[in-house]
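In: based on what follows, work out the 3D shape:
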Amino acid sequence: MARAPLLQLSDISLTFGGNPVFEGVGLTVQPGDRVALVGRNGSGKSTLMKVMAGLVEPDAGDVVAAPGVRVGYMEQEPSMEGFATLGEFAASGLEPSETWRVESVAEGLKFGLDTAVASASGGERRRAALAKLLAEAPELMLLDEPTNHLDIEAIGWLEKELSETRAGFVLISHDRAFLTALTRATLWIDRGEVRRQEQGFAGFEAWRDKAWEEEDTARHKLDRKIKAEARWAVEGISARRKRNMGRVRALQELRAERAGQIRRKGVAALELEEGTKSGKVVLEAEGISKRYGDKLILRPFDLKLTRGERVAFVGPNGAGKTTLVNMLIGRTAPDEGRIKQGHGVEMAVFDQTRSALDPEMSLWESLAGDPDMRVSGQADQVMVRGQPRHVVGYLKDFLFEEAQARAPVRSLSGGEKARLLLARLMARESNLMVLDEPTNDLDIETLDLLQEVLSDYPGTVLLVSHDRDFIDRVATRSVVLEGEGRASIYAGGWSDLVAQGGGLWQSRSAPDKKGEVRPAVEPALQKRKANGLSFTEKHRLEALPAEIERLEAEIGKLTELMSDPELYSREPAKFKKATEALTERQQKLAAAEEEWLTLEEKAAG
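Out: Numbering: from 1, shown residues only. Okay, the predicted model is just below:
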C-alpha cells in the first residue's frame with residue numbers, strides 16, 4: 001500500500017514587488033525522501049522552503065501536509081527574541097524528559113548551551129537552531145544552509161546524523177561533498193520553474209547541462225523558423241497578390257513565443273589580474289608562535305610560501321586558522337619568531353566577517369566610495385584593474401540588477417554580499433590573494449567559476465575554508481591546525497591530507513579491541529590512496545588538455561599578429577609586448593605538456 005506524501009504543493013504562485021517568483025509550481029515530498037534543493041542565488045530556494053514550512057503564504061495554490069506529520073524548518077537567521085541562552089532556545093517546545101537530545105546535539109555541533117543569546121555569534125545561533133530542529137525530530141526537516149559556519153568536524157557529525165535518520169529532509173547547501181553524500185533526489189529551481197530528478201546531487205550537473213543543451217537546440221530551431229517565416233512575409237508569394245494571413249498570424253505567435261522565453265541568467269564575470277610579479281619567495285615564517293592568555297594558539301611553526309602556491313588552512317573552529325593567516329600577512333604580531341615578506345607583494349583580502357561592507361551604504365557607495373576604486377571627479381565611475389568602469393555596468397558583471405545599485409547592503413542575501421565583496425576584491429591588481437571562508441552562501445555555479453579563476457590566477461593564494469570539495473579543487477598544500485597549538489603541513493588538498501593521515505581531530509571510529517581510537521577513513525579515500533594519482537593530481541590531469549589547447553590558440557593568434565612585416569616599424573611597443581607574450585606562452589605550453597606527460601605516466605603506473 002502506497003504511503004501518503006509528507007508534503008504536497010499544488011499550483012503554487014508567488015509574486016514579490018510585481019515580479020513573479022513562482023508560477024504554477026507543484027511538488028511532492030515522500031516519506032524518507034532525501035532531496036537537494038538547488039538553484040542560483042536569488043532563484044527563490046529559501047523562499048520556496050519557507051512556503052513549504054508554512055512561513056510564507058503563496059498568492060495562489062495549496063500547501064498540504066499529511067495528517068499528523070510535523071514539518072521542522074531551520075532558517076539561516078533564526079530569531080531568538082525572548083530567550084536568554086542558546087540552550088533555552090534549543091530546548092523550547094520539548095518535554096523536560098527530552099532535553100537530553102539538545103545536549104547530545106550541542107556536543108556534536110560544538111556550541112555551549114549556556115552561551116547568552118545577546119553575545120552569541122551568527123554561527124553559534126545557527127548551530128542552536130539546528131540543534132533545536134534535530135532534537136524535535138520532525139517527520140520532515142527543511143534545512144537551509146545548515147553547514148554554513150560549521151567546521152569540518154561538525155559537518156562530518158551532521159552528515160552522519162542525517163545519513164542515519166529515518167525522517168525525510170529537503171536540503172539547501174553550497175557544500176558539494178555534503179550534498180553528494182546525503183541526497184537521493186534533486187529539486188532544481190530555474191527561472192521560476194521547479195523540476196525534479198530521482199537522482200541525488202551527484203547527477204545534477206549532467207542533468208542541468210543536458211536540459212540547457214536541449215533548450216538551446218529548441219531555441220535555435222525556433223529562431224530559424226521565425227527567420228524563414230519572416231522572409232516569406234516580406235517577399236510574399238509571386239503567384240498571389242494577397243499574403244496568407246494565417247501564416248502571418250502564425251509568425252506573430254512564433255515571435256510572441258520567442259519573446260516570452262526567459263533567458264538563463266549568466267554567470268558572474270569573475271576575473272583576477274596579477275599586479276607586479278612578486279619575488280619567488282612570497283613570505284617566510286620562522287618559529288612563529290601565539291598565545292592569548294592561557295590559550296595556546298600556535299606552537300613554534302615554520303612555513304615558506306613560494307609564488308604560485310595555493311595553501312589551504314583547515315581545522316576545527318577556534319583552532320587558530322584565521323589567527324595564523326593574520327600573522328602571516330602582518331595583521332597580527334607573533335609572540336615569538338619572525339615573518340619575512342617577499343619582494344613586491346600586493347595583497348587583496350576577502351574577510352569572512354564581511355567587515356569591509358557597511359550595511360547602511362548602497363551597493364553604489366560600497367564600490368564608488370572605496371578609496372582603491374574611486375575615480376577622481378567621476379561619481380559614477382570605478383577603477384577596475386586600472387581601467388574606469390561605470391558602477392552599474394560593473395555591478396551587472398556580478399549579476400546585480402540596475403535597480404539594486406541604490407539599495408542598502410543590508411537588503412542583500414548572504415550570497416549577494418559575498419558577490420559584492422568579490423567585486424571589490426577583483427577590481428584590484430594583486431599577487432597575493434587571501435580568502436577567509438569565501439564559499440559561504442555562494443551558489444554552485446559561482447563556486448565553480450571562483451575555483452577556475454583561482455586555478456588560472458598567476459599569483460599566490462591563502463585559503464581558509466571548511467568546504468572539502470573546494471579545498472580539493474584549489475589547494476596544492478594544506479596546513480592543518482588540530483588544536484592545542486599543533487600545526488602540520490601536507491601536500492595537496494583535503495582528500496590528500498586525510499590519505500596521508502591528517503585531520504585526526506575528525507570524527508573517529510569506536511575503540512578497537514585494544515581500546516585505541518582510530519581515525520575513520522572513508523573507503524573512497526582508501527581507494528584514492530591506492531591509485532597512482534592523488535585527488536589534486538587527477539583533477540590537474542583532467543584540466544591540462546583544455547589549458548594546452550588554450551595556450552596553443554593564444555600562440556597561434558600571437559604568431560599571426562607578428563607575421564605582419566610592418567608591425568615592428570609601425571607599432572614597436574606592440575611588437576615588443578607581443579614578442580614577450582609569445583615567449584611566455586611557449587614556455588607555459590612546454591611546461592604544461594611536460595606536466596601532462598609526467599602525470600599520464602604516473603597514472604599508468
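In: burial count for D59?
Out: The local packing of D59 (other CB atoms under 10 Å) involves 13 other residues. C-beta coordinates here come from the backbone N, C-alpha and C atoms, glycine included.
In: chain neighbours aside, what residue packs nearest to it?
Out: S13 (5.1 Å; CB to CB, 6 or more residues apart in numbering).
In: the one you found belongs to a strand?
Out: Yes: when DSSP: H, G, I helix; E, B strand; the rest coil is applied, S13 is found to be in a strand.
In: where does the stretch 101-250 of the chain dip in pLDDT?
Out: 219-223, 225-250 (pLDDT under 70).
In: my guess is the residue nearest to D59 contacts F22, does it?
Out: Yes: the pair S13 / F22 is scored as a contact, 6.0 Å apart, by CB atoms under 8 Å.
In: of the two, which one has the most company?
Out: Between S13 and F22, counted using other CB under 10 Å, F22 has the larger neighbour count: 23 against 15.
In: per-residue pLDDT, the residue nearest the centre of the chain?
Out: Central residue of the chain (CA atoms, centre = their mean): L447, 3.4 Å from the mean position. Note on L447: pLDDT of 82.
In: A helix includes it, no?
Out: Yes: assessed by three-state DSSP, L447 belongs to a helix.
In: how much space separates it from V25?
Out: 26 Å (CB to CB, to the nearest Å).
In: same question for G54.
Out: For G54, the distance to V25 - CB to CB - is 15 Å.
In: ok, A202 next?
Out: For A202, the distance to V25 - CB to CB - is 25 Å.
In: what of Y490?
Out: 46 Å.
In: and what of V64?
Out: Taking CB to CB, one finds V64 at 14 Å from V25.
In: which SS state does M141 fall under?
Out: strand.
In: residues near K557, how many?
Out: K557, neighbours per other CB under 10 Å, totals 14.
In: actually, A553.
Out: Using other CB under 10 Å as the criterion, A553 is surrounded by 11 other residues.
In: for the helix or strand hosting it, packing partners?
Out: Using DSSP states H and E, A553 sits within helix 535-562. Packed against helix 535-562 by the contact rule (3 or more CB pairs under 8 Å, 6 or more residues apart in numbering; DSSP states H and E) you find helix 468-474, helix 494-499, helix 572-603.
In: I figured K50 was touching V63, is that so?
Out: No: with contacts counted by CB under 8 Å, K50 stays clear of V63, the gap being 10.6 Å.
In: which neighbours do the two share?
Out: Residues touching both K50 and V63 by CB atoms under 8 Å, 6 or more residues apart in numbering: none at all.
In: mind listing what L412 touches?
Out: Residues near L412 by CB under 8 Å, 6+ apart: 363, 404, 420.
In: what's the closest of those residues to K277?
Out: L420 (28.6 Å; CB to CB).
In: sec struct for that closest one, please.
Out: L420 is classified as helix under three-state DSSP.
In: that one and L399 touch, don't they?
Out: No: L420 lies out of contact with L399 (CB under 8 Å); the separation is 10.4 Å.
In: mean pLDDT lowest where, among the helices and strands packed on helix 535-562?
Out: Minimum mean pLDDT among these: helix 572-603, a mean of 80.
In: list the helices and strands that helix packs on?
Out: Packed next to helix 572-603, using 3+ CB pairs under 8 Å, 6+ apart, are helix 535-562, helix 567-570.
In: ok, V64 and V25, which is more surrounded?
Out: Using other CB under 10 Å, the more surrounded residue of V64 and V25 is V25, with 21 against 13.
In: contact partners for that one?
Out: By CB under 8 Å, 6+ apart, the neighbours of V25 are 9, 11-13, 48, 61, 192-194.
In: ok, of the helices and strands packed on helix 572-603, where does mean pLDDT dip lowest?
Out: helix 567-570 (a mean of 75).
In: G493: neighbouring residues, count only.
Out: Counted with other CB under 10 Å, G493 comes out at 27.
In: ok so, going back, quick check: neighbours shared by S13 and F22?
Out: Common neighbours of S13 and F22, counting by CB under 8 Å, 6+ apart, are P58.
In: the residue nearest to the centre of the chain against N440, yeah?
Out: No: taking CB under 8 Å as the definition, L447 is not a contact partner of N440, at 10.5 Å.
In: overlap in contacts, the two.
Out: H174.
In: circling back to that earlier point, which members of the contacts of V25 are classed as buried?
Out: In these, burial by neighbour count holds for 9, 12, 48, 61, 192, 194, counting by 16 or more other CB atoms under 10 Å.
In: and the next helix or strand past the helix or strand that contains the fourth one?
Out: Pointing back at G61 there. Element membership for G61, per DSSP H and E: strand 60-65. Using DSSP H and E, the helix or strand that follows strand 60-65 in sequence is strand 71-74.
In: what is the mean pLDDT for that next one?
Out: Averaged over strand 71-74, pLDDT sits at 94.
In: just the CA atoms of it, as PDB, please.
Out: Extracted C-alpha coordinates of strand 71-74, given in PDB (Å, rounded to 0.1, in the frame of the first residue of the first chain):
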ATOM      1  CA  VAL A  71       7.400  19.800   9.500                       C
ATOM      2  CA  GLY A  72      10.500  21.300  11.000                       C
ATOM      3  CA  TYR A  73      12.400  24.300   9.500                       C
ATOM      4  CA  MET A  74      15.900  25.500  10.100                       C
END
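In: ok, that strand: who's next to it in the sheet?
Out: Paired strands of strand 71-74, with direction, are strand 140-144 (parallel) (DSSP bridges).
In: got the CA positions of the partner strand in CSV?
Out: What follows is strand 140-144 as a C-alpha-only set of coordinates in CSV (Å, rounded to 0.1, in the frame of the first residue of the first chain):
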residue,chain,number,x,y,z
LEU,A,140,10.1,16.2,7.6
MET,A,141,13.1,18.5,8.1
LEU,A,142,13.7,21.6,5.9
LEU,A,143,17.4,22.7,6.2
ASP,A,144,18.5,26.0,4.7
